[in-house]
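Novice: predicted structure and sequence below. I'll ask about it afterward.
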Protein chains: 2
Amino acid sequence: MKRTVYFVSESTGITAETMGHSLLSQFVTVEFEQVYMPYINTEARAHALTQRMREAQERDGVRPIVFTTLLNEEIATILKAGPCFYLELYERFVEPLSQELGVPPSRQSGLSHAITRPSMYTKRIDAINFAMANDDGVRPDRYRHADVVLAGVSRSGKTPTCLYLAMHYGLRSANHPITEEDFARGDLPSELIEAKGRVFGLTIDPQRLQAIREERRRGSEYASAERCRRDIRDAQAMFKRHGIPALNTTSQSIEEIASHILRAVKSPNGSMA
Amino acid sequence: MKRTVYFVSESTGITAETMGHSLLSQFVTVEFEQVYMPYINTEARAHALTQRMREAQERDGVRPIVFTTLLNEEIATILKAGPCFYLELYERFVEPLSQELGVPPSRQSGLSHAITRPSMYTKRIDAINFAMANDDGVRPDRYRHADVVLAGVSRSGKTPTCLYLAMHYGLRSANHPITEEDFARGDLPSELIEAKGRVFGLTIDPQRLQAIREERRRGSEYASAERCRRDIRDAQAMFKRHGIPALNTTSQSIEEIASHILRAVKSPNGSMA
């Protein structure tokens, strides 16, 4: 049985979506059609969504599920009256938190993902620009300006992880692909070694690397089992020699890799264990 | 008074952080020191965090706040016994949802940001690669392969928004800077016009554009008030001529711009109103 799910908010809806999606992940046997509904901030839009609920109920044979965060009362009343299982994610935490803090909540919607602190926001945008300009080892002389440098063989997830760290945590992230040149020299470039403490290695299982490379250059030496094994073995030896912590990214998502790196950035010895 | 806040999880902690951060945004008058604590998945790490809570309490003169999602019982027990205001964000929704769905929850941690659907994950990675390869109008011939093309004058937020749409929603996003060439010709390039329906315009207030440009090229004609006004006026005229919906991005965050575009992508007439 398929269940339709709406993530609803007066503003971006990112909180409703993140939390709702997370809760749904507890029910792996159910198929969900997840629909993102930001900016439901007028009664007309609320009524239109109620109409969609009816259609979903008709189609699925069961009422849809609605996750919301902090809607104004008029809009909440319209949605609750619709054919749905309604879960407000926010309200029950606001009051206890208000008591603990000793101040009333603002009850204003949309502050979570608005630019409330311009300096932090500018830092994020600068970090994204830095990550774009320092992708794929184009400027090793800039590694000294980076908060984080990810090093690894090609196709180990460096670029998306750098962009994620920049976008969400404002970290100036560069990445260094370990190249044929590095392998031939038998060592990492000096710019990378000098950035030690901010350098993190990404590794990957040889079989997985081979599968990825096969997709890009089928039948090439670059995609051979032997070459993949050798690249990874040599890269790991270089990381070890310089005390660079390394993380196996096989079957890890960008978010998981980024979280491990954030932990390591803050840990006293930079360990990713 | 400053309050220290920990976002704690056995896995990435992204849900705890998103929801916790969102709740805190309701209390604009309080200063929070927000600390991200992913992978608290051993009793040793839980005890170490309890020690940090004590230090925070000493420093702040008040107990820290802890937001958690779905910790195993041993770890939850250790943290709850620490000097903190403890808010579990997850548990109270799992049971009602389970009843509605008629299946028990898996109680497994970390599924929300893991690769549970490889095809969806691959789509996101492909979209990021597409956005990286199609930034800044480098390949207009590829606009026809894009899910979304953002067009706008330089510095209107196109690049970070494209990356965000790709990373979070798997949308193949390209962006087109409206260039001196376009202005001289008095029209958008044909590749962009042909992509209509997937093209969204970003505009910005002239004063804000001028401030941004002044930072990059102080005193230049490019950064002059007159030039900024003209660029924006001409761009808007081109959008209007071709029925391209446009959004003013002044003081909007990447997340807000992306949410408006997602709404528009799905709306029958592509309206961003």
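Specialist: Now that the structure is in, tell me what you want to look at.

Novice: alpha carbons only for contacts and neighbour counts from here, please
Specialist: OK.

Novice: tabulate the CA atom coordinates of the host helix or strand of A:A264 in PDB.
Specialist: Under DSSP states H and E, the secondary-structure element containing A:A264 is helix A:254-266. Below are the C-alpha coordinates for helix A:254-266, written out as PDB (Å, rounded to 0.1, in the frame of the first residue of the first chain):
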ATOM      1  CA  ILE A 254      27.600  12.800   1.400                       C
ATOM      2  CA  GLU A 255      25.800  13.600   4.700                       C
ATOM      3  CA  GLU A 256      27.500  10.700   6.500                       C
ATOM      4  CA  ILE A 257      31.000  11.500   5.100                       C
ATOM      5  CA  ALA A 258      30.500  15.200   6.000                       C
ATOM      6  CA  SER A 259      29.400  14.400   9.600                       C
ATOM      7  CA  HIS A 260      32.500  12.200  10.100                       C
ATOM      8  CA  ILE A 261      34.700  15.000   8.900                       C
ATOM      9  CA  LEU A 262      33.000  17.500  11.100                       C
ATOM     10  CA  ARG A 263      33.600  15.300  14.100                       C
ATOM     11  CA  ALA A 264      37.200  14.900  13.100                       C
ATOM     12  CA  VAL A 265      37.700  18.700  12.500                       C
ATOM     13  CA  LYS A 266      36.700  19.200  16.100                       C
END
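
Novice: doesn't A:V5 lie inside a strand?
Specialist: Yes - residue state for A:V5 (DSSP: H, G, I helix; E, B strand; the rest coil) corresponds to a strand.

Novice: that one contacts A:V30, doesn't it?
Specialist: No - using CA atoms under 8 Å, A:V5 is not in contact with A:V30, being 11.7 Å away.

Novice: of these two, who's got more company?
Specialist: It is A:V5, of A:V5 and A:V30, that has more neighbours when counted by other CA atoms under 10 Å in any protein chain shown, with 24 against 15.

Novice: list the contacts of the more buried one.
Specialist: A:V5 is in contact with A:F32, A:E33, A:Q34, A:V35, A:P64, A:I65, A:V66, A:F67, counting by CA atoms under 8 Å, 6 or more residues apart in numbering or on different chains.

Novice: look at it and report its pLDDT.
Specialist: Looking at A:V5, its pLDDT is 97.

Novice: state the distance from it to A:F67.
Specialist: 8 Å (CA to CA, to the nearest Å).

Novice: ok so, going back, now the contacts of A:V5: which count as buried?
Specialist: With burial judged by 16 or more other CA atoms under 10 Å in any protein chain shown, the buried subset of these is A:F32, A:Q34, A:P64, A:I65, A:V66, A:F67.

Novice: neighbours of A:E226, just the number please.
Specialist: A:E226, neighbours per other CA under 10 Å, totals 12.

Novice: what's the helix holding A:A264 packed up against?
Specialist: Using 3 or more CA pairs under 8 Å, 6 or more residues apart in numbering or on different chains; DSSP states H and E as the contact test, the elements touching helix A:254-266 are helix A:158-169.

Novice: the helix holding A:A264: which residues count as buried?
Specialist: A:I254, A:E255, A:E256, A:I257, A:A258, A:S259, A:H260, A:I261, A:L262, A:R263, A:A264, A:V265.

Novice: contacts for that helix, please.
Specialist: A:157, A:160-161, A:164-165, A:198, A:200, A:247, A:249, A:270-272, B:11-13, B:37-39, B:113-114.

Novice: which parts of the stretch 1-150 of chain A sit against chain B?
Specialist: When proximity is defined by CA under 8 Å from any CA of the partner chain, the stretch 1-150 of chain A lies next to chain B at A:11-13, A:15, A:18-19, A:21-23, A:25-28, A:30, A:37-39, A:85, A:87, A:90, A:93-94, A:98, A:100-101, A:103-108, A:111-115, A:121, A:125, A:128, A:132.

Novice: still on that earlier bit, from the contacts of helix A:254-266, list just the buried residues.
Specialist: Once neighbours are counted (16+ other CA under 10 Å), the buried part of the contacts of helix A:254-266 comes down to A:157, A:160-161, A:164-165, A:198, A:200, A:247, A:249, A:270-272, B:11-13, B:37-39, B:113-114.

Novice: for A:E33, give its distance to chain B.
Specialist: Computed with CA to the nearest CA, to the nearest Å, the distance linking A:E33 and chain B is 13 Å.

Novice: equivalent analysis for A:R198, please.
Specialist: Plainly put, A:R198 is 18 Å away from chain B if you go by CA to the nearest CA.

Novice: right, and that residue touches A:V148 too?
Specialist: Yes - at 4.9 Å, A:R198 counts as touching A:V148 under the criterion of CA under 8 Å.

Novice: quick one on the thing from earlier: which of the residues of the stretch 1-150 of chain A next to chain B fall within helices?
Specialist: A:15, A:18-19, A:21-23, A:93-94, A:98, A:100-101, A:121, A:125, A:128, A:132 (DSSP state H).

Novice: which among the residues you listed count as buried?
Specialist: Buried among those by 16+ other CA under 10 Å: A:T15, A:T18, A:M19, A:H21, A:S22, A:L23, A:V94, A:S98, A:Y121, A:I125, A:I128, A:M132.

Novice: run through the stretch 151-273 of chain A and note the low-pLDDT ranges.
Specialist: A:268-273 (pLDDT under 70).

Novice: near chain B, which residues of it?
Specialist: Neighbours of chain B within the stretch 151-273 of chain A, by CA under 8 Å from any CA: A:P160, A:Y164, A:M167, A:S251, A:Q252, A:S253, A:E255, A:E256, A:S259, A:H260, A:R263.

Novice: farthest pair within those?
Specialist: Distance extremes for these: the farthest pair is A:M167 and A:S251 at 22.0 Å, using CA to CA.

Novice: with neighbour numbers in mind, choose between these two.
Specialist: More crowded of A:M167 and A:S251, by other CA under 10 Å: A:M167, with 26 against 15.

Novice: pull the contacting residues for that one.
Specialist: A:R124, A:I125, A:A127, A:I128, B:P160, B:Y164.

Novice: how about these in a markdown table, adding distance to A:M53?
Specialist: Putting the contacts of A:M167 into a markdown table (distance: CA to CA, whole Å) gives the following:
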| residue | distance to A:M53 |
| --- | --- |
| A:R124 | 37 |
| A:I125 | 38 |
| A:A127 | 41 |
| A:I128 | 38 |
| B:P160 | 33 |
| B:Y164 | 28 |
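
Novice: nearest to A:E194, of those?
Specialist: Closest to A:E194, out of all of these and judged by CA to CA, is A:A127, at 20.8 Å.

Novice: doesn't A:C162 make contact with that closest one?
Specialist: No - taking contacts as CA under 8 Å, A:A127 lies outside contact range of A:C162: 9.5 Å.

Novice: pLDDT score for the residue nearest to A:V103 when sequence neighbours are not counted?
Specialist: Among residues not flanking A:V103 along the chain, B:F27 sits closest, at 7.3 Å (CA to CA, 6 or more residues apart in numbering or on different chains). With respect to pLDDT, B:F27 has a value of 94.
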